[in-house]
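Engineer: following is a predicted model, sequence given first.
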Amino acid sequence: MGIKTKVKTTFFCQSCGTQYSKWQGQCTACKEWNTIVEEVIQKAEKSDWEIPTSKVKRVSKPLKINDIDASKEARLNTLDNEFNRVLGGGIVPGTVILLGGEPGIGKSTLMLQISLKLPYKTLYVSGEESQKQIKMRAERIHPNSENCYILTETKTQNIFKQIEALKPDIVIIDSIQTLHSDYIESSSGSISQIKECAAELIKFAKETATPVILIGHITKDGNIAGPKILEHMVDTVLQFEGDRNHVFRILRAQKNRFGSTNELGIYEMQGTGLREVTNPSEILISKKDEELSGNAIAATLEGMRPLLIEVQALVSTAVYGTPQRSATGFNAKRLNMLLAVLEKRAGFRLGAKDVFLNITGGITVDDPAIDLAVVAAILSSNEDVALQKDYCFAAEVGLSGEIRPVQRIEHRIHEAEKLGFSTIFVSKYNKISLKNTTIKIQLISKIEDLVNFIV
Ligand code: TYD
Ligand code: MG
């Protein structure tokens, strides 16, 4: 070891993490320019390196698939129903979970809150805030916890030393971008550091069956900063999203080796941390006594969960030459398409009107079943007639003005019924085999049918 060897370097694209042996101007993988940076990757010899594993190591040997007992993988219950749901029923021992989200969205709050509630010995490692700051935040959320330990440290070797002493049942790292390992020389947050630190933690998780949760920041374009590679290395990738100016936050699984990716958790940011929202439809719909024009309720699905949301439209005569179209929470191109369909198929002259569309609650919807509610809201605002407030809508609108069926219609109908709506408008072509419903299911086949109901 005494002989000084040549410093080993390699080139990484800082945007997507692709590795190159020499520098080039453009990354071949993600097509970004000037993102390739040389990083020193090796400092110490790694041969004598081993993760301190205080628990008994699992020794692998081949087993017949029929002899493998899957029921042994009992999941750790986090006592947070939304989090459990997204993971598929709790944390599987030895899994590595990556929690991504934009800065300030509430990742640290969510993980601290879960740590405080967990009935297991939890080590929360923070490289971003001091122990005092975390304590202050913890006091707002959940003041009493016997099992939660806070460590402020960024060097993985030191973290492993503490883990060896404490023997936690679960480890949380806030955030992976602040960690650094002695075995790599480049700075924290660089691709090679993130990769190395994650690899060490993954090795630890797998060898000791201790779950590890990594918090990762996200870049503007929605990638977990730098390391796309991390997504391949970990078992589960969770995304925490929402509009920072609104109180709702959505937790969804982008990848899950131990559960479905269709589940979704909803939280509300409060002064005392994040509250689990068990019945999201109730809070997403504003309760008004009077009926206002331009409002329509859509029965959408977020993942597997039916969700009733409110669509608001404002149609007014364009003051300036070119009419404005703007959509919040809804695809603007799709709005233009729906306006063209209304113009062509139902004879509404919207060409010279400003049209504004807003999905309330700050959430973004890409479920096509919202189309009919959008059209209804626009018609209602254009004609200045309010829709009955116990109407709701679930159907896609096609280019020729036909009302198209949507998936899982029965779920949507049930949810609307549960929330006390009197009528739901759906496509005539949806196969519905529901019996004994109290809600009226209004079947329509073209946009004119809807116009007849509204105008
Ligand atoms: P934070 O968890 O620090 O975000 P991240 O780790 O994703 O960067 O959360 C930041 C925001 O959450 C901050 O703007 C304040 C707000 N917040 C509340 O509204 N209520 C609370 O109880 C807490 C702890 C934070
Ligand atoms: Mg944070």
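Structural biologist: Received it, and whenever you're ready, just let me know what you need. Numbers count the residues shown, from 1 in each chain. Ligands and ions are numbered 1, 2, ... in the order given.
Engineer: roughly how far apart are the residue in the stretch 151-300 of the chain that ligand 1 sits nearest to and Leu110?
Structural biologist: As assessed by C-beta to the nearest ligand atom, ligand 1 sits closest to Gly273 within the stretch 151-300 of the chain, at 4.3 Å. Heads up, the C-betas are built off the backbone N, CA and C, glycines and all. Applying C-beta to C-beta, to the nearest Å, the value for Gly273 to Leu110 is 8 Å.
Engineer: hey, what's the residue of the stretch 151-300 of the chain closest to ligand 1 bridged with?
Structural biologist: Gln270 (DSSP bridges).
Engineer: can you pull the contacts of it?
Structural biologist: For Gly273, the contact set (C-beta atoms under 8 Å, 6 or more residues apart in numbering) comprises 109, 113, 140-142.
Engineer: what helices or strands is the lengthiest strand in the chain leaning on?
Structural biologist: The strand that spans the most residues within the chain, counting by DSSP state E, is strand 305-317. In terms of contacts (3 or more C-beta pairs under 8 Å, 6 or more residues apart in numbering; DSSP states H and E), strand 305-317 is packed against helix 280-284, strand 295-302, strand 353-359, helix 371-383, helix 409-418.
Engineer: which parts of the longest one are buried?
Structural biologist: Meaning helix 371-383. Using 16 or more other C-beta atoms under 10 Å as the test for burial, helix 371-383 gives 371-382.
Engineer: who touches that helix?
Structural biologist: 293-298, 311-315, 330, 334-335, 338-339, 341-342, 348, 350, 353, 355, 357, 386-387, 391-397, 403, 425, 447, 450-451, 454-455.
Engineer: ok, now the shortest one?
Structural biologist: When contacts are defined by C-beta under 8 Å, 6+ apart, helix 280-284 is touched by residues 248, 266, 268, 277, 305-310, 360-361, 363, 415, 419.
Engineer: what's the closest of the contacts of Gly273 to Ala209?
Structural biologist: Comparing the contacts of Gly273 against Ala209 with C-beta to C-beta places Gln113 closest, at 24.3 Å.
Engineer: looks to me like that closest one is in a helix.
Structural biologist: Yes - looking at Gln113 with DSSP: H, G, I helix; E, B strand; the rest coil, it is inside a helix.
Engineer: that one against Leu274, yeah?
Structural biologist: Yes - contact criterion C-beta atoms under 8 Å: Gln113 and Leu274 qualify, at 6.0 Å.
Engineer: for this structure, give me the ranges with low pLDDT.
Structural biologist: The chain contains residues with pLDDT under 70 at 1-7, 42-60, 70-73, 143, 219-228, 287-289.
Engineer: what residues does it have near ligand 1?
Structural biologist: The interface of the chain toward ligand 1, taken as C-beta under 6 Å from any ligand atom, is made up of 101, 103-109, 137, 140-141, 269, 271-273.
Engineer: of those residues, grab the buried ones for PyMOL.
Structural biologist: To isolate the buried subset of those in PyMOL, counting by 16+ other C-beta under 10 Å, use the following:
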select buried, resi 101+105+106+107+108+109+137+141+269+273
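Engineer: inside strands: which ones of the residues of the chain next to ligand 1?
Structural biologist: Among these, the ones falling in strands (DSSP E) are 101, 269, 273.
Engineer: state the number of residues packed around Lys155.
Structural biologist: For Lys155, the tally of surrounding residues (other C-beta atoms under 10 Å) stands at 15.
Engineer: quick one: the strands in the stretch 1-150 of the chain?
Structural biologist: With strands called from DSSP state E, counting those that start in this stretch, the stretch 1-150 of the chain shows them at 8-13, 19-20, 36-42, 96-101, 122-126, 148-152.
Engineer: isn't Gly303 up against Ile266?
Structural biologist: No - the pair Gly303 / Ile266 is not scored as a contact, 10.1 Å apart, by C-beta under 8 Å.
Engineer: so the two - more neighbours on which side?
Structural biologist: A count of neighbours by other C-beta under 10 Å puts Ile266 above the other of Gly303 and Ile266, at 26 against 17.
Engineer: angles on the backbone of the more buried one, please.
Structural biologist: phi -120, psi 130 (degrees, to the nearest 10).
Engineer: for Ser115, give its distance to ligand 1.
Structural biologist: As for Ser115, its distance to ligand 1 is 12 Å (criterion: C-beta to the nearest ligand atom, to the nearest Å).
Engineer: list the contacts for that residue?
Structural biologist: With C-beta under 8 Å, 6+ apart, Ser115 has these contacts: 122, 124, 145, 148, 172.
Engineer: and the fourth one, how many neighbours?
Structural biologist: Other residues within reach of Cys148 by the criterion other C-beta under 10 Å amount to 22.
Engineer: contact partners for it?
Structural biologist: Cys148 neighbours (C-beta under 8 Å, 6+ apart): 115-116, 118, 122, 124, 138.
Engineer: one step back: just give me the closest of the contacts of helix 280-284 to Asn84.
Structural biologist: Nearest to Asn84, judged by C-beta to C-beta, of those is Ile266 at 13.4 Å.
Engineer: the closest one contacts Glu82, correct?
Structural biologist: Yes - Ile266 sits in contact with Glu82 when judged by C-beta under 8 Å, with a separation of 6.4 Å.
Engineer: what residues do these two have in common as contacts?
Structural biologist: The contact sets of Ile266 and Glu82 overlap at 251, 276-277 (C-beta under 8 Å, 6+ apart).
Engineer: return a PyMOL selection command for the buried portion of those.
Structural biologist: Burial among these is assessed by 16+ other C-beta under 10 Å; the matching PyMOL selection reads:
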select buried, resi 251+277
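Engineer: same list (the shared contacts of Ile266 and Glu82) but as CSV, adding secondary structure and distance to Thr156.
Structural biologist: Formatted as CSV, the shared contacts of Ile266 and Glu82 follow (DSSP: H, G, I helix; E, B strand; the rest coil; distance: C-beta to C-beta, whole Å):
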residue, secondary structure, distance to Thr156
Leu251, strand, 27
Glu276, strand, 33
Val277, coil, 36
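Engineer: which one of the shared contacts of Ile266 and Glu82 is nearest Glu129?
Structural biologist: Proximity of the shared contacts of Ile266 and Glu82 to Glu129 (C-beta to C-beta) peaks at Leu251, which lies at 21.3 Å.
Engineer: next one: that closest one from Asn66, what distance?
Structural biologist: 36 Å.
Engineer: which helix or which strand is home to Asn245?
Structural biologist: Under DSSP states H and E, no helix or strand contains Asn245.
Engineer: the residue lying closest to it once chain neighbours are set aside: how many residues sit nearby?
Structural biologist: Excluding the flanking residues, the one nearest Asn245 by C-beta to C-beta, 6 or more residues apart in numbering is Gly362, at 6.7 Å. Residue neighbour count, defined by other C-beta under 10 Å, stands at 17 for Gly362.
Engineer: and Gly362, how far from ligand 1?
Structural biologist: For Gly362, the distance to ligand 1 (C-beta to the nearest ligand atom) stands at 14 Å.
Engineer: show me what contacts that residue?
Structural biologist: 242-243, 245-248, 329.
Engineer: let's see it at 7 Å
Structural biologist: With contact set as C-beta atoms under 7 Å, 6 or more residues apart in numbering, Gly362 has these partners: 242-243, 245-246, 248.
Engineer: likewise Leu251?
Structural biologist: The contact partners of Leu251, taken as C-beta under 7 Å, 6+ apart, are 82-83, 86, 238, 240, 264-265, 267.
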